[in-house]
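**Q** here's my sequence, what's the structure:
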Amino acid sequence: MSHPVAVEERPAEHGDALNLLRALIAEAPGPEAAAQRVVDELHNRFGHYDWVGIYWVDVPANELVLGPWTGPEATEHTRIPMGVGICGAAAASGQTEIVDDVNADPRYLACFATTRSEIVVPIFADGQVVGEIDIDGSDPSAYDETDAHFLEEVAALLAPLRPRDEG
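**A** Presented below is the predicted three-dimensional model:
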């Protein structure tokens, strides 16, 4: 499963960002560094992306585990059970979640007092959710379908970077 994206509808700033992200990934010394470069660039390039993190699926534990992130502070939610919170819901359903007002969503796991909105985009590999991009914003209704389509393309770039069990 993947997210279909109509390229002709993509804003130029998103196309430019995708090209840069591809280059940053290609030049990175390894998957962890590449994923960190992606979250750093998303945070730095888009002012409404206040906190950007990637959660990877830990299949045996049935949890999301926080990977690379950037933002003003760390979150206490470094492990989230599948199906719990907005992140867990997105991972369980495989659907992008856009929340205009986190305070009105009973699923929200409060991370930061400043967060007002959130977007969570699953990362797919081999038809399975292997992770997700989680972005928090300090403005209500900060994210829309344009962000969703863009981040779904970013998710496709991140899929090959997922940690793999070596056992």
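**Q** hang on, isn't residue 81 packed against residue 57?
**A** No. When contacts are counted by CB atoms under 8 Å, residue 81 is not listed as touching residue 57 (11.3 Å). Using the backbone N, CA and C atoms, a C-beta is placed for each residue, glycine as well.
**Q** which one is residue 85 nearest to, not counting chain neighbours?
**A** In space, and not counting its chain neighbours, residue 85 is closest to residue 109: 3.9 Å by CB to CB, 6 or more residues apart in numbering.
**Q** neighbours of the one you found, how many?
**A** By other CB atoms under 10 Å, 15 other residues sit near residue 109.
**Q** so how far is residue 145 from it?
**A** 24 Å (CB to CB, to the nearest Å).
**Q** can you pull the contacts of the residue nearest to residue 85?
**A** By CB atoms under 8 Å, 6 or more residues apart in numbering, the contact list for residue 109 reads 77, 80, 84, 85, 86, 87.
**Q** at 10 Å what do you get?
**A** Counting by CB atoms under 10 Å, 6 or more residues apart in numbering, residue 109 touches 75, 76, 77, 80, 84, 85, 86, 87, 88, 102, 118.
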